[in-house]
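Participant: coordinates only, sequence not included:
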């Protein structure tokens, strides 16, 4: 399986709102997350959360319940790397401020 970019420097459009960033293809074996980066290039500390939802839209607990990223720093989200997004499921993120944290995710569509 070739590694593909799932999310390319996308940001939340609204603060404190869970928003979908990637949908795993239906009818396949799901998508395995191989790398994750959340970057805060702002002048103040920000927080984010990451979730995996199944195909029915039900949240499967927060994979990253809450993470603080200090200004001008990044987080590699180790707890989400290796996770499986089920077929038809989604990867969703939430951040404390709109357009503040850039997410980049790569993975393998199985």
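Facilitator: Yes, it's here. Computed from a predicted model, the values in this text were never measured in an experiment.
Participant: so who does the closest residue to residue 39 other than its chain neighbours touch?
Facilitator: Leaving aside its sequence neighbours, residue 39 sits nearest to residue 74 (CB to CB, 6 or more residues apart in numbering; 4.3 Å). Where C-beta positions appear, they are placed from N, C-alpha and C, glycine not excepted. By CB atoms under 8 Å, 6 or more residues apart in numbering, residue 74 lies in contact with 37, 38, 39, 40.
Participant: do you know how far the second one is from residue 46?
Facilitator: Computed as CB to CB, to the nearest Å, the residue 38 to residue 46 distance reads 9 Å.
Participant: shared neighbours, these two?
Facilitator: Residues touching both residue 38 and residue 46 (CB under 8 Å, 6+ apart): 69, 101.
Participant: who's more crowded, these two?
Facilitator: Just comparing residue 38 and residue 46: by other CB atoms under 10 Å the higher neighbour count belongs to residue 38, 24 against 20.
Participant: next one: the strand or helix carrying the residue nearest to residue 39 to chain centre, how far?
Facilitator: Using DSSP states H and E, residue 74 sits within strand 73-75. Averaging C-alpha positions (CA atoms, centre = their mean, to the nearest Å) puts strand 73-75 14 Å from its chain's average.
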